[in-house]
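Visitor: what shape does this take:
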Amino acid sequence: MQMQGNKINAFLLIFLVVLVFPQYADAADLERLKGMPYLEAREILISEGWIPYISGSEHLEEDDSRLFGNGRDLWEQGVQEIDACSGTGLGHCVMYFQNSKANKLKVITIGEAFEGDVSQIVVHGLRILKKETV
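Guide: The predicted model follows:
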(Lines give C-alpha, C1' and ligand atoms only; values in the text may rest on other atoms or scores of the structure.)
Protein backbone atom coordinates (compact mmCIF):
# COMPACT_ATOMS: atom_id res chain seq x y z
CA MET A 1 0.00 0.00 0.00
CA GLN A 2 2.87 2.38 0.75
CA MET A 3 4.24 1.84 -2.78
CA GLN A 4 0.89 3.04 -4.15
CA GLY A 5 1.10 6.14 -1.92
CA ASN A 6 4.61 6.95 -3.18
CA LYS A 7 3.42 6.71 -6.79
CA ILE A 8 0.55 9.07 -6.06
CA ASN A 9 2.88 11.53 -4.31
CA ALA A 10 5.33 11.40 -7.21
CA PHE A 11 2.49 11.97 -9.68
CA LEU A 12 1.21 14.96 -7.69
CA LEU A 13 4.68 16.46 -7.55
CA ILE A 14 5.14 16.10 -11.31
CA PHE A 15 1.67 17.54 -11.88
CA LEU A 16 2.47 20.58 -9.75
CA VAL A 17 5.83 21.19 -11.37
CA VAL A 18 4.70 20.76 -14.97
CA LEU A 19 1.22 22.28 -14.89
CA VAL A 20 1.25 24.74 -12.02
CA PHE A 21 4.89 25.88 -12.28
CA PRO A 22 5.77 25.30 -15.95
CA GLN A 23 8.68 27.72 -15.87
CA TYR A 24 10.52 25.34 -13.52
CA ALA A 25 9.94 22.40 -15.84
CA ASP A 26 11.23 24.51 -18.75
CA ALA A 27 14.30 25.54 -16.76
CA ALA A 28 15.13 21.96 -15.78
CA ASP A 29 14.80 20.87 -19.41
CA LEU A 30 17.17 23.63 -20.55
CA GLU A 31 19.98 22.43 -18.27
CA ARG A 32 20.87 19.80 -20.87
CA LEU A 33 22.27 22.59 -23.07
CA LYS A 34 25.04 23.55 -20.62
CA GLY A 35 28.46 22.85 -22.06
CA MET A 36 27.09 22.53 -25.59
CA PRO A 37 28.57 24.67 -28.40
CA TYR A 38 26.42 27.79 -28.61
CA LEU A 39 25.47 27.49 -32.28
CA GLU A 40 24.26 23.92 -31.67
CA ALA A 41 22.30 24.93 -28.56
CA ARG A 42 20.88 27.90 -30.48
CA GLU A 43 19.49 25.59 -33.18
CA ILE A 44 17.84 23.44 -30.52
CA LEU A 45 16.32 26.47 -28.78
CA ILE A 46 14.92 27.81 -32.06
CA SER A 47 13.50 24.37 -32.97
CA GLU A 48 11.78 24.28 -29.57
CA GLY A 49 10.06 27.62 -30.12
CA TRP A 50 12.52 30.07 -28.57
CA ILE A 51 12.88 33.15 -30.78
CA PRO A 52 16.13 35.14 -30.80
CA TYR A 53 15.42 38.42 -29.01
CA ILE A 54 17.25 41.38 -30.52
CA SER A 55 17.76 43.87 -27.71
CA GLY A 56 19.27 46.69 -29.75
CA SER A 57 19.47 48.04 -33.23
CA GLU A 58 20.21 45.66 -36.07
CA HIS A 59 22.87 48.16 -37.15
CA LEU A 60 26.03 48.22 -35.07
CA GLU A 61 28.37 51.06 -34.23
CA GLU A 62 32.04 50.27 -33.70
CA ASP A 63 31.79 50.88 -29.92
CA ASP A 64 28.68 48.69 -29.49
CA SER A 65 29.21 46.29 -26.55
CA ARG A 66 27.73 43.51 -28.64
CA LEU A 67 30.93 43.57 -30.73
CA PHE A 68 33.37 43.24 -27.83
CA GLY A 69 35.24 39.96 -27.37
CA ASN A 70 33.51 37.20 -29.33
CA GLY A 71 30.63 39.46 -30.33
CA ARG A 72 31.86 40.35 -33.80
CA ASP A 73 32.56 36.70 -34.71
CA LEU A 74 29.15 35.59 -33.42
CA TRP A 75 27.39 38.48 -35.19
CA GLU A 76 29.06 37.47 -38.46
CA GLN A 77 27.63 33.94 -37.93
CA GLY A 78 24.12 35.46 -37.84
CA VAL A 79 23.79 35.61 -34.05
CA GLN A 80 21.91 38.88 -33.52
CA GLU A 81 20.43 38.05 -30.11
CA ILE A 82 23.64 39.21 -28.42
CA ASP A 83 23.03 41.66 -25.60
CA ALA A 84 26.68 42.15 -24.65
CA CYS A 85 30.06 40.43 -24.79
CA SER A 86 33.09 40.85 -22.57
CA GLY A 87 36.40 41.68 -24.17
CA THR A 88 38.36 40.05 -21.35
CA GLY A 89 38.42 37.06 -19.02
CA LEU A 90 36.48 33.98 -20.07
CA GLY A 91 34.89 35.77 -23.01
CA HIS A 92 31.39 35.88 -21.54
CA CYS A 93 28.53 36.81 -23.84
CA VAL A 94 24.87 37.27 -22.93
CA MET A 95 22.09 36.41 -25.38
CA TYR A 96 18.31 36.55 -25.01
CA PHE A 97 15.45 34.54 -26.46
CA GLN A 98 11.68 34.80 -26.04
CA ASN A 99 9.04 32.09 -26.32
CA SER A 100 5.34 32.11 -27.19
CA LYS A 101 4.47 32.51 -23.48
CA ALA A 102 6.43 35.81 -23.44
CA ASN A 103 9.07 34.23 -21.20
CA LYS A 104 12.58 35.51 -21.77
CA LEU A 105 15.58 33.21 -21.66
CA LYS A 106 19.01 34.54 -20.75
CA VAL A 107 21.88 32.47 -22.14
CA ILE A 108 25.45 33.07 -20.96
CA THR A 109 28.36 31.70 -22.96
CA ILE A 110 32.08 31.34 -22.34
CA GLY A 111 34.96 30.48 -24.61
CA GLU A 112 36.84 32.22 -27.34
CA ALA A 113 36.49 32.46 -31.07
CA PHE A 114 39.66 31.82 -33.03
CA GLU A 115 39.98 33.38 -36.48
CA GLY A 116 36.20 33.42 -36.90
CA ASP A 117 35.70 29.87 -35.60
CA VAL A 118 33.07 30.09 -32.84
CA SER A 119 32.87 26.35 -32.12
CA GLN A 120 34.68 26.74 -28.77
CA ILE A 121 32.02 29.15 -27.47
CA VAL A 122 29.79 27.06 -25.20
CA VAL A 123 26.68 27.56 -23.10
CA HIS A 124 27.69 28.30 -19.51
CA GLY A 125 24.34 29.19 -17.97
CA LEU A 126 20.65 29.59 -18.75
CA ARG A 127 17.92 31.36 -16.83
CA ILE A 128 14.25 31.98 -17.56
CA LEU A 129 13.38 35.56 -16.62
CA LYS A 130 10.14 37.28 -15.83
CA LYS A 131 9.04 39.64 -18.57
CA GLU A 132 9.85 42.82 -16.64
CA THR A 133 13.47 41.84 -15.87
CA VAL A 134 14.77 42.20 -19.43
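
Visitor: alpha carbons only for contacts and neighbour counts from here, please
Guide: OK.

Visitor: what about G116, neighbour count?
Guide: Number of residues near G116 (other C-alpha atoms under 10 Å) recorded here: 13.

Visitor: I should have written S47 there, sorry.
Guide: 10.

Visitor: so what pLDDT did it get?
Guide: S47 is assigned 96 on the pLDDT scale.

Visitor: wait, what's in contact with it?
Guide: Residues near S47 by C-alpha atoms under 8 Å, 6 or more residues apart in numbering: none.

Visitor: please apply the same query to the one 3 residues further on.
Guide: The contact partners of W50, taken as C-alpha under 8 Å, 6+ apart, are 97-100.

Visitor: just among those residues, which is most surrounded?
Guide: F97 (23 neighbours).

Visitor: now that residue: which helix or strand?
Guide: Per DSSP states H and E: F97 is located in strand 93-98.

Visitor: packing partners for the next helix or strand after that strand?
Guide: Following strand 93-98 in sequence order, the next helix or strand is strand 104-110 (DSSP H and E). Contact analysis of strand 104-110 by 3 or more C-alpha pairs under 8 Å, 6 or more residues apart in numbering; DSSP states H and E lists strand 93-98, strand 122-129 as its packing neighbours.

Visitor: repeat the analysis, applying 10 Å as the threshold.
Guide: helix 38-47, strand 51-52, strand 82-85, strand 93-98, strand 122-129 (3 or more C-alpha pairs under 10 Å, 6 or more residues apart in numbering; DSSP states H and E).

Visitor: ok, the strand holding F97: who's next to it in the sheet?
Guide: Using DSSP bridges, strand 93-98 pairs in its sheet with strand 51-52 (antiparallel), strand 82-85 (antiparallel), strand 104-110 (antiparallel).

Visitor: averaged pLDDT, that strand. What do you get?
Guide: Mean pLDDT, computed over strand 93-98, is 94.

Visitor: near the closest residue to G71 other than its chain neighbours, how many other residues are there?
Guide: Take G71 and drop its neighbours on the chain: the residue closest to it by C-alpha to C-alpha, 6 or more residues apart in numbering is C85, 5.7 Å away. Close neighbours of C85, defined as other C-alpha under 10 Å, add up to 24.
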